[in-house]
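> mind looking at a prediction? Sequence and model below.
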Amino acid sequence: MLDIIRKGVLRKGIVTSDYPQEGTPRYAARLGFPKLRTDLCKAHHVCFRSCPTNAIQEREGEIKVDLGLCIFCAQCARSCPEGAWTMSPEIELAKRSRSDLLSSSSIENKSIQELGKSLDAMIGKVFGRSLAIREVDTGSCNACEVEVNALSNAVHDIERFGMHIVASPRHADLLLVTGPVTRNMERALMQTYKATPEPKLVVAVGACACSGGIFRESYAVRGGVDRMLPVDVYIPGCPPRPEAMIYGLMLAVGKLNDKSR
Ligand code: SF4
């Protein structure tokens, strides 16, 4: 047994990811958000019909993807006869307003290195200690929870940034909400929000929390989290990767800094 521990665990070395210090990880083999090559697009609109959440929209003559609705399923890329859609591996997609999730072909964000550098100082300034996060599942399929759980594992280890998952909203600075807001969980969400002390933040995680996602037309669903509460940061994805959540949490800490001034 000791031999197994020595070989399998002790000799493994450090497994914790260098993100964000070493920049954005690229997941070439995995699906990210869809990007349109306008030079190849012949406007057949096949992609509009293939999208299960109607995330592809035409605004002022430009084709845009609503990342708050997109579930990154790649149906647009599979259906386009011109091969105009590609799935980008980028993960730093979180935004501070719902309207900013409506992207055209490229996404511009503040660099994660810039955010990472100021994070420790910001958390210290705002809380004088650390950021306490309470997760609220308002009806998710559980895939977002699997990724939220991964935030605390040895690879992603958000404790290294001074962020902790806590068991009660009374100890929380930030509510991390997953899933569409179902009618059954609406009251629980409002009570959790009321129980969280000021200043507080709300972060919507995943397409369902951002907009209601694939379930938004269900009789059992009220919609995205912003139908009930003010949302400070939206993290798109279905589910978003742990690094995408770390990026969104960093944006949120910056916003809390502005709120507490
Ligand atoms: S966003 Fe996707 S993974 Fe997350 S709860 Fe909704 S369907 Fe599940």
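Arrived safely, thanks for sending.
> CA atoms for contacts and neighbours, from now on please.
Fine.
> can you show me the strands along the stretch 151-261 of the chain?
For the stretch 151-261 of the chain, the strands defined by DSSP state E, counting those that start in this stretch occupy 163-165, 174-178, 181-182, 201-205, 221-223, 233-235.
> and if you look at the stretch 1-150 of the chain?
For the stretch 1-150 of the chain, the strands defined by DSSP E, counting those that start in this stretch cover 33-36, 56-59, 62-66, 85-88, 102-103, 131-137.
> dump those to a markdown table, plus mean neighbour count, mean pLDDT and distance to residue 177.
A markdown table is the format used below for the strands of the stretch 1-150 of the chain (neighbours: other C-alpha atoms under 10 Å; pLDDT from 0 to 100; distance: least, C-alpha to C-alpha, whole Å):
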| stretch | mean neighbour count | mean pLDDT | distance to residue 177 |
| --- | --- | --- | --- |
| strand 33-36 | 23 | 87 | 21 |
| strand 56-59 | 16 | 86 | 25 |
| strand 62-66 | 18 | 88 | 19 |
| strand 85-88 | 20 | 87 | 25 |
| strand 102-103 | 18 | 78 | 21 |
| strand 131-137 | 21 | 94 | 5 |
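> can you lay out those as CSV showing distance to residue 221?
As requested, these are exported to CSV (distance: least, C-alpha to C-alpha, whole Å):
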stretch, distance to residue 221
strand 33-36, 25
strand 56-59, 22
strand 62-66, 20
strand 85-88, 29
strand 102-103, 22
strand 131-137, 13
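> now distance to the ligand too, for those, in TSV please.
Below are the strands of the stretch 1-150 of the chain laid out as TSV (distance: least, C-alpha to the nearest ligand atom, whole Å):
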stretch	distance to the ligand
strand 33-36	13
strand 56-59	17
strand 62-66	14
strand 85-88	17
strand 102-103	17
strand 131-137	8
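> nearest to residue 247, of the ones you listed?
Proximity to residue 247 (C-alpha to C-alpha) singles out strand 131-137 among the strands of the stretch 1-150 of the chain, at 14.3 Å.
> out of the strands of the stretch 1-150 of the chain, nearest to residue 200?
strand 131-137 (10.1 Å).
> partner strands of the closest one, parallel or antiparallel?
Taking DSSP bridges as the criterion, strand 131-137 forms sheet pairs with strand 163-165 (parallel), strand 174-178 (parallel).
> who's in contact with that strand?
Strand 131-137 is contacted by residues 123, 145, 162-169, 171-179, 189 when judged by C-alpha atoms under 8 Å, 6 or more residues apart in numbering.
> now the angle from that strand to strand 201-205?
50 degrees (axes from the mean of the first three to the mean of the last three C-alpha atoms, to 10 degrees).
> and the pLDDT for the residue nearest to residue 252 when sequence neighbours are not counted?
In space, and not counting its chain neighbours, residue 252 is closest to residue 233: 6.0 Å by C-alpha to C-alpha, 6 or more residues apart in numbering. pLDDT for residue 233: 94.
> am I right that residue 233 is in contact with residue 206?
No: counting by C-alpha atoms under 8 Å, residue 233 stays clear of residue 206, with 11.1 Å between them.
> which residues of this structure lie near the ligand?
Within reach of the ligand by C-alpha under 6 Å from any ligand atom, the chain has these residues: 140, 141, 142, 143, 144, 178, 179, 206, 207, 208, 238, 239.
> show me which of those are buried.
140, 144, 178, 179, 206, 207, 208, 238, 239 (16 or more other C-alpha atoms under 10 Å).
> now render the residues you listed as TSV, adding pLDDT and distance to residue 42.
Below are these laid out as TSV (pLDDT from 0 to 100; distance: C-alpha to C-alpha, whole Å):
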residue	pLDDT	distance to residue 42
140	94	37
144	95	35
178	97	37
179	94	36
206	95	31
207	95	28
208	95	31
238	92	28
239	92	31
